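Chemist: Structure here, sequence nowhere to be found:
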C-alpha cells in the first residue's frame, strides 16, 4: 500500500533525487526508504549521470562547431 498514491510514486521514479535519497539514507542512517535494493538505486544514479554527461556533451559539441 502506498499512502501517496501510484501516480506520485511513478513520478518520483523519473527523478534522480528519488534514487539519491535511497542511497544516502542507507549510507548515513542504515535505513531502507525505497522498495528497490540499494544497489539498484546506485545503478540508476550512474545511469542518470551518464545521461547527463551525454546531454552536456551533445550541447557543448553543438555550440562549438566551427
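Modeler: Perfect, thanks for sending it. Quantities reported herein were computed from a predicted structural model and do not represent experimental measurements.
Chemist: Pull the contacting residues for the residue most central in space within the chain.
Modeler: In the chain, the residue lying closest to the centroid (Cα atoms, centre = their mean) is residue 16, at 2.3 Å. With contact taken as Cβ atoms under 8 Å, 6 or more residues apart in numbering, residue 16 is in contact with 44, 45, 48. Using the backbone N, CA and C atoms, a C-beta is placed for each residue, glycine as well.
Chemist: go with 6 Å
Modeler: residue 48 (Cβ atoms under 6 Å, 6 or more residues apart in numbering).
Chemist: separation between it and residue 45?
Modeler: Distance, residue 16 to residue 45, using Cβ to Cβ, to the nearest Å: 6 Å.
Chemist: Now do the helices in the protein.
Modeler: Along the chain, counting by DSSP state H, helices occupy 6-12, 16-29, 38-64.
Chemist: weakest of these by average pLDDT?
Modeler: Confidence, taken as mean pLDDT, is least for helix 6-12 of the helices of the chain (a mean of 84).
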